[in-house]
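# Below: sequence and its predicted model.
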Amino acid sequence: MGNLYGLIGYPVSHSLSAVMHNEEFKQLQLPHYYHLFNVAPKDLEEAIRALRLLGVSGFNITIPHKENIIPFLDEIDEEAKHIGAVNTVKNENGRLIGYNTDGKGFVLSLKQILPEQQFSGQSILIVGAGGGARGIFVSLQAENITQLDVANRTLSKAETLIEQCAKTVNSQALSLQEGERVLGNYDIVINTTSVGMRPNINETPIALNNLGQNKILCDIIYNPQKTRFLQEGQEKYNATILNGVGMLAGQGALAFEIWTGQKPNLERMIQTVQMHLGGQ
Ligand code: ATR
């Protein structure tokens, strides 16, 4: 008999996680199924109790539950604790264990486009200081990076993120204006804000005038697949670009592995998502 997995969020109807996981189960001939569970914030505790009772084998958590779920779990892995949010839960003989694969999933997808899949000596700027930025910061810190800075509209939030998360890496908090001024210092710039997401496709999180040529630009947005930030970087500055499909598939691939113990095909998961996004 197959296992049941799923996503809890509110709303979840637009999510691509079900097609991504179900296609991979099919490709790997696993008899499992991934279902979307729409759970309102007031029902979260009861929903977790129900998933436990029904013996659901694992699930993902998305907005707005990633932080609020923590008190209802039995154990939280170190990295998820550090980030303060959980996006993946595994049911191990009735014990619910929380993980966070968002940042690691991003790193996994970014590594695919780096020379020799190495970060050595890279200097990176993260734009934004919310939950997404925090996961990416913690996971990037684990790589061999020279400088990992954070630029945010509200400077104090970037300062807090660094205070709480920076352990081994050199890191500085910047205002967006300061970030724009020194943009040329970075090899990789990552947008973790929602600026540029459909329908506001003409907005851009940071001006690229000082970027310089041949850098790497990443966005965690996948709708549209090419935000104005990525498009301008590619057209004007010959940047190599990575959109949010990589992170979506990367976090999914890591969750898949936690649940099943099997490594899925990341490239195929990316293709499944791209196919469902169509020409957006
Ligand atoms: P998430 O958990 O998805 O990262 P979040 O915690 O709400 O979402 O964080 C959103 C991030 O996008 C924040 O860094 C936010 O900047 P502030 O800290 O100043 O609020 C940033 N952001 C959102 N809208 C923005 C905008 N219009 N311009 C610049 N930054 C914006």
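Great, that's in hand. Just so we're clear, the structure is a prediction, and the values are computed from it rather than from any experiment.
# Relative to the ligand, which residue of the stretch 51-200 of the chain is the closest?
Distances between the stretch 51-200 of the chain and the ligand by CB to the nearest ligand atom are smallest at G130, namely 2.0 Å. Any C-beta I mention is one placed from the backbone N, CA and C, and that applies to glycine too.
# Name the nearest residue to that residue, sequence neighbours excluded.
When the adjacent residues along the chain are set aside, G130 lies closest to T192, with 6.7 Å between them (CB to CB, 6 or more residues apart in numbering).
# so that neighbour touches L140, yeah?
No. The criterion here is CB atoms under 8 Å, and T192 misses it with L140 at 11.2 Å.
# Can you check the pLDDT for the residue sitting nearest the centre point of the chain?
When the chain is reduced to its mean C-alpha position, the closest residue under CA atoms, centre = their mean turns out to be D102, at 3.6 Å. The per-residue pLDDT reported for D102 equals 96.
# so S139 is in which element?
When secondary structure is defined by DSSP states H and E, S139 falls within helix 131-141.
# and that helix, C-alpha only, in CSV?
Listed in CSV are the C-alpha atoms of helix 131-141, where the atom choice follows Å, rounded to 0.1, in the frame of the first residue of the first chain:
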residue,chain,number,x,y,z
GLY,A,131,11.3,34.3,6.1
GLY,A,132,12.6,33.4,2.6
ALA,A,133,15.7,35.4,3.1
ARG,A,134,16.4,33.8,6.5
GLY,A,135,16.3,30.2,5.1
ILE,A,136,18.6,31.1,2.2
PHE,A,137,21.0,33.0,4.5
VAL,A,138,21.4,30.0,6.9
SER,A,139,21.9,27.5,4.0
LEU,A,140,24.3,29.7,2.1
GLN,A,141,26.3,30.2,5.3
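# which outside residues touch it?
Helix 131-141 is contacted from outside by 66-67, 79, 82-85, 100, 102-104, 106-107, 119, 124, 126-127, 148, 150, 152, 161, 165-169, 190, 192, 220, using CB atoms under 8 Å, 6 or more residues apart in numbering.
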